[in-house]
Structure formats: structure tokens, C-alpha cells
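# Sharing a model that was predicted from the sequence below.
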Amino acid sequence: QLQLVESGGGLVQPGGSLRLSCAASGFPLDGYAIGWFRQAPGKEREGVSCISSSGGDSHYLNSAKGRFTISRDNAKNTVYLQMNSLKPEDTAVYYCAASLFRLCSETPQFGMKYWGKGTLVTVSS
């Protein structure tokens with residue numbers, strides 16, 4: 001059974017950091033581009049970051065550039081999202097997804113086939 005499980009969410013103060021993990025079971029992640037998405041209450045889901053299957057290419061939402069870093073450890077079948085300088089507007093449920101393709105798309109959700117159930121990130125004082 002193909003499964004993605006996110007972890008690492010929680011409550012953090014503005015300016016703080018969190019590292020999210022996306023662990024796969026049932027299939028090797030190294031053949032897939034992986035995306036991180038988020039959905040805040042009352043808003044549409046948006047793409048936050050994406051990393052190619054090799055890890056050689058990554059994309060970021062403009063508001064995440066310089067604060068978030070996506071990485072992957074294919075040996076551990078896990079992708080990470082390091083989030084620094086968090087802001088209240090980063091509050092959302094964060095999801096990871098595995099693409100049908102090895103490269104990230106200009107349209108973040110294009111090709112994303114396997115989804116995790118999400119982890120909640122709350123940035124508040």
C-alpha cells in the first residue's frame with residue numbers, strides 16, 4: 001500500500017522554526033518529485049515547495065523563498081521542509097504529495113498523485 005505520512009507540525013511562536021517530514025511506505029520515493037502544499041482555513045490549497053526526484057532542482061512559493069528549505073534523503077525515503085522565520089500567515093495544514101513525474105511542474109499540483117493526510121502548523125504567540 002502506497003502511503004505518505006507527514007510529521008513535525010505543531011504550535012510555534014512567530015519567528016520560530018519547524019521541520020516537517022514526509023515519510024513514504026510501500027514505494028521508493030527516489031523516482032518521484034515531491035511537493036509540499038498547505039491549506040489555511042477558508043483558503044484554497046497552495047503549493048509551497050517542490051523538489052525533483054534527484055534533489056537537484058527545487059521550487060518555492062514566493063513568500064517561502066529565503067525562509068523554507070526543501071530537501072530529501074532518498075536512503076531514508078523521506079523528504080523534509082525546514083521552515084524558519086515563521087509568520088502567523090504560515091498557519092495551515094501542510095501536505096506532502098508524490099508526483100507522477102521526476103521533475104517539478106510550473107503548476108504545483110500537476111501530476112501529484114499520492115497525498116498524505118497532513119500535519120497542522122500553527123504560528124501564534
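That came in fine, so what should we check first?

# Surely Ser71 is within a strand?
Yes. Applying DSSP: H, G, I helix; E, B strand; the rest coil, one finds Ser71 inside a strand.

# Name the nearest residue to it, sequence neighbours excluded.
Tyr80 (5.0 Å; C-beta to C-beta, 6 or more residues apart in numbering). In this view, the C-beta of every residue, glycine as well, is placed from N, C-alpha and C.

# Mind listing what's buried along the helix or strand hosting the one you found?
Per DSSP states H and E: Tyr80 is located in strand 78-83. Of the residues in strand 78-83, 78-81, 83 count as buried by neighbour count, 16 or more other C-beta atoms under 10 Å.

# Could you export that strand as PDB, CA atoms only?
The C-alpha atoms that make up strand 78-83 are tabulated as PDB, following Å, rounded to 0.1, in the frame of the first residue of the first chain:
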ATOM      1  CA  THR A  78      11.900  10.900   3.400                       C
ATOM      2  CA  VAL A  79      11.500  14.500   2.300                       C
ATOM      3  CA  TYR A  80      11.900  17.400   4.600                       C
ATOM      4  CA  LEU A  81      10.700  21.000   4.700                       C
ATOM      5  CA  GLN A  82      12.700  23.200   7.100                       C
ATOM      6  CA  MET A  83      10.700  26.300   7.900                       C
END
